[in-house]
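> Coordinates only, no sequence provided:
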């Protein structure tokens, strides 16, 4: 059986794992990556492209990685966030010019972001990518972690001083390491689709709270909108089964006419919603990042942005370390990231529970709160800072600096 060794082994080559690999460019450490599915950067654009929301803070990280020039002009800027509560008076608008930034955030198609990341991986000197490859087992030892993998029907082992689990919410690494997860089931699912509005969206992101859950319409390129419609799971299945005309009629009723008469709906996809928090971020020489560590409700679009802040901090620590799996490094990482993660948990969880509630007096209180935020600049600024991912400690990448002094193009 073939055996190799490296310093950092990343399991999972999706957007999070690929971002970490890019962030480790130029470090003194040997990096290898395992991904089960072919990395496809050549898929053609289509109406149903899935999207991810990038905060202003995530743009800074991507600038620090040197990747933003390849994305600029291919993502849709969010100039305004319009927040309202269906059936109640009052709304709040967060505007980019009030915050002194070009945009509050951006909506990127996963295909475009993946294309940029995977092209960078192919050009990255010294990076070894095992793809498609399947993880079979892990052996956690004091000085290394050994992974058994299968690639093209051939089994081999890889030893690393640090293993990074970036393999998503159903993390195989987390399971193999016997790390549990606290799961809160919201009893809701997100209906995700692309929609064409009747009038230009003008770069406005709409977050509309309803008694069945939040409904977001995010501006996309080509005057499309990315719909994330949260409803009880049984209702989500019913909505997904409707024909396009009936679906648009239901959506129009819940959203209103701020975007005119909705013209077209793409393929609907359903995603059950939970708040999932790993009971540990670190075990021995293994660390868990991104959705493998925490999966949150899509309200306010914080999931991928939280993951990018994970990898930005981890990459900074690894660049400066002699031993990337040292206990002191992983302790510093945990201390640095736990506070930010818990702040995002509280922020999103509170929004869901506060606004997905048909209680009459509470509805009036919510309306009064939205009016207050709209009238008080300090409250708007606080809410904008949360949305932009600018609260708390910023990594070097978050300050548009390379993750390490040796990092170069």
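Now that the structure is in, tell me what you want to look at. This is a predicted model, so every value here is computed, not measured. Numbering: from 1, shown residues only.
> okay, now residue 342: neighbour count?
12 (other Cβ atoms under 10 Å). (C-beta placed from N, C-alpha, C; glycine too.)
> For the lengthiest strand in the chain, name the packing helices and strands.
Assignment by DSSP state E gives strand 181-196 as the longest strand of the chain. Packing partners of strand 181-196 (3 or more Cβ pairs under 8 Å, 6 or more residues apart in numbering; DSSP states H and E): strand 225-232, helix 233-241, strand 264-265, strand 269-278.
> Apply 10 Å and report the result again.
Packing partners of strand 181-196 (3 or more Cβ pairs under 10 Å, 6 or more residues apart in numbering; DSSP states H and E): strand 213-219, strand 225-232, helix 233-241, helix 244-255, strand 264-265, strand 269-278, strand 294-295, helix 327-355.
> mind checking how far that strand is from the chain centre?
Centre-to-centre, strand 181-196 and its host chain are 14 Å apart (Cα atoms, centre = their mean, to the nearest Å).
> Tell me which residues of it come out buried.
Of all the residues in strand 181-196, those buried under the rule 16 or more other Cβ atoms under 10 Å are 181, 186, 188-196.
> measure residue 185 to residue 273 for me?
Distance of residue 185 to residue 273, computed by Cβ to Cβ, to the nearest Å: 8 Å.
> Tell me the residues that contact both of the two, please.
Common neighbours of residue 185 and residue 273, counting by Cβ atoms under 10 Å, 6 or more residues apart in numbering, are residue 233.
> what lines up beside the longest strand of the chain in the sheet?
Using DSSP bridges, strand 181-196 pairs in its sheet with strand 225-232 (antiparallel), strand 264-265 (antiparallel), strand 269-278 (antiparallel).
> Which residues does the very next helix or strand once past the longest one contact?
Think strand 269-278. Going down the chain from strand 269-278, the next helix or strand is strand 282-283, by DSSP states H and E. With Cβ under 10 Å, 6+ apart as the contact definition, strand 282-283 has outside contacts at 140, 145, 163, 165, 173-174, 177-179, 288, 293, 325, 327, 329-331, 333-334.
> From these, list the buried ones, please.
If you count burial by 16+ other Cβ under 10 Å, the buried members of the contacts of strand 282-283 come out as 145, 163, 165, 173-174, 177, 179, 288, 293, 325, 329-330, 333.
> Now render the residues you listed as TSV, adding distance to residue 124.
Below are the buried ones among the contacts of strand 282-283 laid out as TSV (distance: Cβ to Cβ, whole Å):
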residue	distance to residue 124
145	22
163	19
165	21
173	22
174	27
177	27
179	29
288	23
293	24
325	21
329	22
330	24
333	22
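> which one in these is the model shakiest on?
pLDDT is lowest at residue 293 among those; the value there is 92.
> For the stretch 151-300 of the chain, give me the ranges with low pLDDT.
298-300 (pLDDT under 70).
> now stretch 381-396, how far from the chain's geometric center?
15 Å.
> list the buried ones in that stretch?
Of the residues in stretch 381-396, 383-392, 394-396 count as buried by neighbour count, 16+ other Cβ under 10 Å.
> And that stretch, end to end?
Using Cα to Cα, to the nearest Å, one end of stretch 381-396 lies 23 Å from the other.
> Tell me, how many residues neighbour residue 3?
10.
> residues contacting it?
By Cβ under 10 Å, 6+ apart, the contact list for residue 3 reads 146, 148, 156-159.
> if we go to 8 Å?
Counting by Cβ atoms under 8 Å, 6 or more residues apart in numbering, residue 3 makes contact with 156-159.
> again, but for residue 15
The neighbours of residue 15, taking Cβ under 8 Å, 6+ apart as the test, are 52, 110, 113-114, 117, 304, 307.
> redo that, cut-off 10 Å
By Cβ under 10 Å, 6+ apart, the contact set of residue 15 is 52, 108, 110, 113-114, 117-118, 166, 290-291, 304, 307-308, 311.
> before we move on, what about residue 242?
Residues near residue 242 by Cβ under 10 Å, 6+ apart: 248-251, 265, 268.
> mind running it again at 7 Å?
Taking Cβ atoms under 7 Å, 6 or more residues apart in numbering, we find residue 242 in contact with residue 250.
> where does it fall, phi/psi-wise?
With angles defined as degrees, to the nearest 10, residue 242 sits at phi -70, psi 150.
> Switch the helices and strands packed on strand 181-196 over to JSON lines; also include distance to residue 127.
As requested, the helices and strands packed on strand 181-196 are exported to JSON lines (distance: least, Cβ to Cβ, whole Å):
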{"stretch": "strand 213-219", "distance to residue 127": "32"}
{"stretch": "strand 225-232", "distance to residue 127": "31"}
{"stretch": "helix 233-241", "distance to residue 127": "39"}
{"stretch": "helix 244-255", "distance to residue 127": "43"}
{"stretch": "strand 264-265", "distance to residue 127": "40"}
{"stretch": "strand 269-278", "distance to residue 127": "26"}
{"stretch": "strand 294-295", "distance to residue 127": "26"}
{"stretch": "helix 327-355", "distance to residue 127": "21"}
